[in-house]
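Novice: 3D model of this:
(one chain, ligands or ions: 1)
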Amino acid sequence: MNNKKRWIDGYFVLAVLLVVCDQVTKVLAKNTLEGQDAFQVIPGIFEFSYLENTGAAFGSFSGNILALSAVTVLLLAAVIWKYRDIPREPHYRVMRIIFAMVFAGGVGNLIDRIFRGYVIDFLYFVPINFPKFNLADTFITVGAAAFIVAALTLYRGNGLDFLWHVKQGQKDQQNHGQEEQKMTVMEAIKARKSIRKYESKPIEPEKLEQVLEAGRLAPSARNEQTWKFLVTENAEQRAAVTAACGQAFVGEAPVILTVCTANQRMMRCGQPACTIDASIAMSFMILEAAEQGLGTCWIGSFDEPQVRAALRIPEEYQIVALTPMGYPAEDPAPRPRKEMQEILVKDSFAE
Ligand SMILES: Cc1cc2nc3c(=O)[nH]c(=O)nc-3n(C[C@H](O)[C@H](O)[C@H](O)COP(=O)(O)O)c2cc1C
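Specialist: Numbers count the residues shown, from 1 in each chain. Have a look, this model is predicted:
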């Protein structure tokens, strides 16, 4: 799996297409409208009317071409920089489109300023005497408006954390030289994120021990503790488990931790004790890993017989979950969660 932070993707192609549309319409406007009377699209309401604008969007800051170009370049750099931090999940497609629109708008007008010394505006709403504008202005304005709406709806809560979250390296620098501070459980819960890119740096034995200790102390049904925690560091076996997962990043981590249980018992509630016991132990361990600064990613998608063969797991054990574990080589933004009111049921479903 390729988790490199990229900014050249399908949305970049969209941005390029928008820039092309902007430039083509400007050339058309110059060729057909310059020196001519306005072309009435909807008489008295909307017309095409040529203007060479040396200011910013909608004619503001007239005459400051150099300063405006510099500001635009800085803004475009910020857009590219933050674009790379947008989580690569379908939920964030809208945000990518918004970034592509704002980027295209900025580039469209920057091209004009650099190559023409002015921006071509040709769209004009007559009744409100609104300044003339162009497609690039529209992309920026619609993008900015969509951003505000999306921030208040789709990405409310912590959905925009990717814009300002502190990078792991910076966090390490901030902590450098300070007394090691213990995380609260809630801090560990918030720090844990699925990590899909790892450094090859080995895990210190005492850290690994702490992680396993958290699993050992986990509760289990009837306190049966029928689990086994497999720590796989051997490169060959890690490669075999990685192949069984079909997820290349699993093999990047120096350790793969697998939890299996030998308990076949169904509890009175109808749930298998083994899956639940193992899941609790794994949860405790990935939280402790977060406290230790280690990354994990719960893996449920694996070929069970292949993992069993790779790790020689006896038939009586069920393999419940595994995770790569190691120092993160990425710091993804927190993934979105449903709002509490969507998941909380007070008293009973009937209420
Ligand atoms: C039971 C379970 C199975 C999962 N299986 C996989 C998996 O096979 N591959 C993967 O990349 N992530 C897997 N995940 C990780 C989820 O995709 C991830 O937890 C979820 O998107 C929320 O992101 P977060 O962990 O960063 O908060 C699994 C998570 C759980 C709890």
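Novice: Name the residues of the protein found near the ligand, please.
Specialist: K193, S194, R196, Q247, C297, W298, I299, G300, S301, R335 (C-beta under 6 Å from any ligand atom). In short, each C-beta sits where N, CA and C put it, glycine included.
Novice: got the domain boundaries for this structure?
Specialist: By the assignment in automatic domain parsing, the chain contains the domains 10-163, 183-326.
Novice: quick revisit: tell me the two of the residues of the chain next to the ligand that are most distant?
Specialist: The span of the residues of the chain next to the ligand, defined through C-beta to C-beta, is set by K193 and S301 at 18.0 Å.
Novice: what about the two, which has more around it?
Specialist: The neighbour count for K193 versus S301, taken as other C-beta atoms under 10 Å, is higher for K193 (18 against 9).
Novice: Please verify my assumption that the more buried one contacts P336.
Specialist: No: counting by C-beta atoms under 8 Å, K193 sits too far from P336 to count as a contact (11.8 Å).
Novice: Could you measure from the nearest residue to E199 once chain neighbours are set aside over to P254?
Specialist: Nearest residue to E199, sequence neighbours excluded (C-beta to C-beta, 6 or more residues apart in numbering): Y327, at 4.3 Å. For Y327, the distance to P254 equals 8 Å [C-beta to C-beta, to the nearest Å].
Novice: Repeat that for G44.
Specialist: From G44 over to P254 the distance is 71 Å, taken as C-beta to C-beta.
Novice: So if I had to pick from those two, which one is more boxed in?
Specialist: Each of G44 and P254 has its neighbours counted (other C-beta under 10 Å); P254 has more, 21 against 8.
Novice: For the more buried one, list the residues it contacts.
Specialist: Going by C-beta atoms under 8 Å, 6 or more residues apart in numbering, P254 touches Y198, S200, K201, P202, I203, E233, M325, G326.
Novice: pLDDT value on it, please?
Specialist: The model reports P254 with a pLDDT of 97.
Novice: With the one 5 residues further on instead?
Specialist: Per-residue confidence for V259 comes out at a pLDDT of 98.
Novice: My read is that it contacts W227, right?
Specialist: Yes: look at V259 against W227 with C-beta under 8 Å: they come within range, at 6.0 Å.
Novice: okay, and the common contacts of those two?
Specialist: Common neighbours of V259 and W227 (C-beta under 8 Å, 6+ apart) are G215, A278, A281.
Novice: Counting neighbours, which of those residues comes out on top?
Specialist: Highest neighbour count within the shared contacts of V259 and W227, by other C-beta under 10 Å: A278, with 28 neighbours.
Novice: Assumed D112 was part of a helix.
Specialist: Yes: under DSSP: H, G, I helix; E, B strand; the rest coil, D112 falls within a helix.
Novice: Would you state the strands of the chain in chain order?
Specialist: Listed in chain order, the strands of the chain (DSSP state E) span 39-42, 46-53, 119-125, 227-232, 255-261, 295-296, 318-326.
Novice: Of the ones you listed, flag the one that's most buried.
Specialist: Mean neighbours per residue, mean count of other C-beta atoms under 10 Å, is largest over these for strand 295-296, with a mean of 28.
Novice: Mind giving me the packing neighbours of that strand?
Specialist: Packing contacts for strand 295-296, counted by 3 or more C-beta pairs under 8 Å, 6 or more residues apart in numbering; DSSP states H and E, involve helix 273-291, strand 318-326.
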